[in-house]
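Asker: Give me a model of this one.
(one chain, ligands or ions: 2)
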Amino acid sequence: MLPGGRGRRGQGCLWPVAHSGTQDMPTRTSGEMDKPLISRHLVDSDGSLAEAPREVPKVGILGSGDFARSLATRLVGSGFSVVVGSRNPKRMAGLFPSAAQVTLQEEAVGSPEVIFVAMFREHYSTLCGLSDQLAGKILVDVSNPTQQEHLRHHESNAEYLASLFPTCTVVKAFNVISAWTLQAGPRDGNRQVPICSDQPEAKRAVLELAQAMGFTPVDMGSLASAREVEAMPLRLLPGWKVPALLALGLFVFFYTYNFIRDVLQPYLQEGKNKFYQLPVSVVNTTLPCVAYVLLSLVYLPGVVAAALQLRRGTKYRRFPDWLDHWLQHRKQMGLLSFFCAALHALYSFCLPLRRSHRYELVNQAVKQVLTNKSHLWIEEEVWRMEIYLSLGVLALGTLSLLAVTSLPSIANSLNWREFSFVQRESAVLGWAPSPWQNQDDVSSLNTEGCGPDGGHQ
Ligand SMILES: NC(=O)C1=CN([C@@H]2O[C@H](COP(=O)(O)OP(=O)(O)OC[C@H]3O[C@@H](n4cnc5c(N)ncnc54)[C@H](OP(=O)(O)O)[C@@H]3O)[C@@H](O)[C@H]2O)C=CC1
Ligand SMILES: [Fe+3]
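Answerer: Numbering: from 1, shown residues only. Ligands and ions are numbered 1, 2, ... in the order given. Alright, predicted model coming up:
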């Protein structure tokens with residue numbers, strides 16, 4: 001049972017709160033089985049509220065490195081009693097919170113049911129001498145392999161640990177959380193903790209432990225998923241690779257096109273040297289092209305999906321993989337489109353700051369003087385620029401609204417109707433699906449066979 005929590009092992013507590021261990025748990029009748037255990041200890045026979053006897057749940061940690069220290073700090077802060085097993089407890093004790101007990105490995109593993117192995121894979125075998133004391137305990141593998149180790153070993157670190165300690169239950173968890181996040185608390189950094197194990201009760205114990213520490217546990221199934229869980233921290237922004245490469249490709253294409261059109265052609269045909277435009281002007285002309293194409297690629301798959309459904313005459317069939325992937329990358333493409341549009345706005349602000357611009361203004365003024373023109377004002381040009389700028393600002397504002405509401409923390413605070421209202425009305429694209437929504441929602445749209453416009457309303 002978590003401190004003050006509601007966890008149960010099968011029909012009993014996972015963590016000892018109101019009684020010590022599962023052995024001396026009171027026997028419960030079948031009727032009592034459905035009631036949460038905690039209520040039995042908080043309500044006296046006469047119905048009055050009683051102070052439940054509290055025993056702080058004990059958690060063990062093997063290893064005294066960075067991760068062990070942060071974990072101990074977090075566990076103590078979450079109300080657990082912590083015992084740390086080190087090869088050199090005297091030297092390491094000062095680095096741990098005073099509430100944590102730092103002792104020798106063999107002494108540390110005696111009482112806790114759940115023991116974190118905060119060590120590297122290559123040192124797991126040094127624990128084999130503790131096999132007897134560890135028998136029947138839950139070992140939590142927190143390790144992260146390096147890229148090379150991940151490729152070298154066919155079995156995950158967690159499976160390797162399980163093979164060394166067949167009498168223990170191994171649970172893979174917390175490897176995606178850095179020591180820093182553990183110490184700072186889950187309000188910063190990632191909250192999700194993927195957890196997997198072959199033993200459902202052991203997994204539940206660690207799920208509840210993660211929850212008590214303020215994290216969001218994610219059940220990843222059996223220990224066979226440990227390899228996938230261990231690969232997670234090795235991936236670099238997986239959902240962004242394709243959209244980023246696409247944006248880069250578009251940028252290179254449009255930059256080359258604008259270079260040929262605005263710089264190379266005037267140079268070859270008229271001998272004008274406009275190469276100074278390469279760093280600012282050509283980039284500024286390129287950015288909105290990329291932004292527009294990316295934005296249209298955000299909305300296009302919705303149209304394609306609708307057309308496909310019309311042709312098939314049903315919405316209860318999976319989309320082809322290429323369309324599914326495209327649909328799932330819409331949010332990233334939309335955000336990259338916003339990024340390019342924002343950069344375009346910034347570059348546009350910088351245009352009048354350039355020295356070349358000042359020279360051009362002065363040159364124009366001189367020409368005016370020479371032709372004896374005192375007042376230059378072309379009404380149509382003035383209006384065109386005013387409207388052009390105003391529409392540009394409005395478009396960027398709308399795009400920002402779409403981008404901001406697509407951020408998970410904001411999107412989660414809106415209900416589906418509010419979210420789709422903001423997305424659709426801002427986009428002014430009528431029935432187009434909400435392309436900025438979370439990837440999970442998009443996949444479920446597809447697998448549930450809902451149309452691009454349906455499913456959530
Ligand atoms: N640091 C981080 O942010 C994260 C780390 N992890 C994982 O946590 C585990 C520990 O990482 P971290 O704390 O950073 O590593 P450290 O090098 O800081 O600590 C490793 C600890 O292992 C213990 N150990 C036990 N046996 C041996 C041995 N034979 N040789 C050397 N050390 C031994 C040592 O403790 P003692 O001397 O007291 O026995 C040592 O302090 C790793 O598997 C890592 O992948 C996972 C996520 C994030
Ligand atoms: Fe523009």
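Asker: Run a quick neighbour tally on the residue in the stretch 51-200 of the chain that ligand 1 sits nearest to.
Answerer: Of all residues in the stretch 51-200 of the chain, residue 65 sits closest to ligand 1, at 1.8 Å by CB to the nearest ligand atom. (C-beta placed from N, C-alpha, C; glycine too.) Residue 65 has 16 neighbours, counted by other CB atoms under 10 Å.
Asker: so how many other residues sit close to the closest residue to it other than its chain neighbours?
Answerer: Leaving aside its sequence neighbours, residue 65 sits nearest to residue 118 (CB to CB, 6 or more residues apart in numbering; 6.3 Å). Close neighbours of residue 118, defined as other CB under 10 Å, add up to 25.
Asker: Residue 118 against residue 71, yeah?
Answerer: Yes - contact status for residue 118 versus residue 71: in contact at 6.3 Å, counting by CB atoms under 8 Å.
Asker: ok, which residues in the stretch 151-300 of the chain are in contact with ligand 1?
Answerer: 175, 178, 179 (CB under 6 Å from any ligand atom).
Asker: Of those residues, which is the nearest to residue 326?
Answerer: Nearest to residue 326 among these, counting by CB to CB, is residue 175 at 31.4 Å.
Asker: Looks to me like that closest one is in a helix.
Answerer: No - the assignment for residue 175, made by DSSP: H, G, I helix; E, B strand; the rest coil, is coil rather than a helix.
Asker: Provide a list of residues in contact with it.
Answerer: 141, 142, 143, 144, 229, 230, 232, 233 (CB atoms under 8 Å, 6 or more residues apart in numbering).
Asker: could you redo the last one with a cut-off of 10 Å?
Answerer: By CB atoms under 10 Å, 6 or more residues apart in numbering, the contact list for residue 175 reads 67, 140-145, 157-158, 193-195, 226, 229-230, 232-233.
Asker: secondary structure class for residue 217?
Answerer: With three-state DSSP as the criterion, residue 217 reads strand.
Asker: for residue 170, same thing?
Answerer: Strictly by three-state DSSP, residue 170 counts as strand.
Asker: thought it was touching residue 140?
Answerer: Yes - using CB atoms under 10 Å, residue 170 is in contact with residue 140, at 7.9 Å.
Asker: Those two: who's more crowded?
Answerer: Taking other CB under 10 Å, residue 170 and residue 140 do not tie; residue 140 has more neighbours (31 against 27).
Asker: Do you know the pLDDT at the residue of the stretch 201-350 of the chain found nearest ligand 1?
Answerer: Closest approach between the stretch 201-350 of the chain and ligand 1, counting by CB to the nearest ligand atom: residue 233, at 7.1 Å. For residue 233, the model assigns a pLDDT of 84.
Asker: Assess the claim that it and residue 181 are in contact.
Answerer: No - using CB under 10 Å as the test, residue 233 is too far from residue 181 to be in contact (11.6 Å).
Asker: Those two: who's more crowded?
Answerer: Shown here are residue 233 and residue 181; by other CB under 10 Å, residue 181 has more neighbours (19 against 14).
Asker: ok, now how distant is that one from residue 191?
Answerer: 9 Å (CB to CB, to the nearest Å).
Asker: what sits in contact with each of the two?
Answerer: With CB under 10 Å, 6+ apart, residue 181 and residue 191 have common neighbours residue 215.
Asker: rewinding a little: dump the residue contacts of the residue of the stretch 201-350 of the chain closest to ligand 1.
Answerer: Neighbour list for residue 233: 144, 145, 175, 176, 177, 178, 190 [criterion: CB under 10 Å, 6+ apart].
Asker: can you tell me how far the residue lying closest to the first one once chain neighbours are set aside sits from residue 214?
Answerer: Nearest in space to residue 144, with sequence neighbours left out and distances taken as CB to CB, 6+ apart, is residue 175 at 4.9 Å. Counting by CB to CB, the gap between residue 175 and residue 214 amounts to 17 Å.
Asker: host element of residue 85?
Answerer: Using DSSP states H and E, residue 85 sits within strand 81-86.
Asker: Can you tell me what sits against the helix or strand that that strand is followed by?
Answerer: Next helix or strand after strand 81-86 toward the C-terminus (DSSP H and E): helix 89-92. The list of residues contacting helix 89-92 from outside it, by CB under 10 Å, 6+ apart, reads 63-65, 68-69, 84, 86, 96, 101-105, 107-108.
Asker: 6 Å - rerun?
Answerer: 64, 86, 102, 103, 104 (CB atoms under 6 Å, 6 or more residues apart in numbering).
Asker: Which members of these are classed as buried?
Answerer: Buried residues within the contacts of helix 89-92, counting neighbours by 16 or more other CB atoms under 10 Å: 64, 86, 102, 103.
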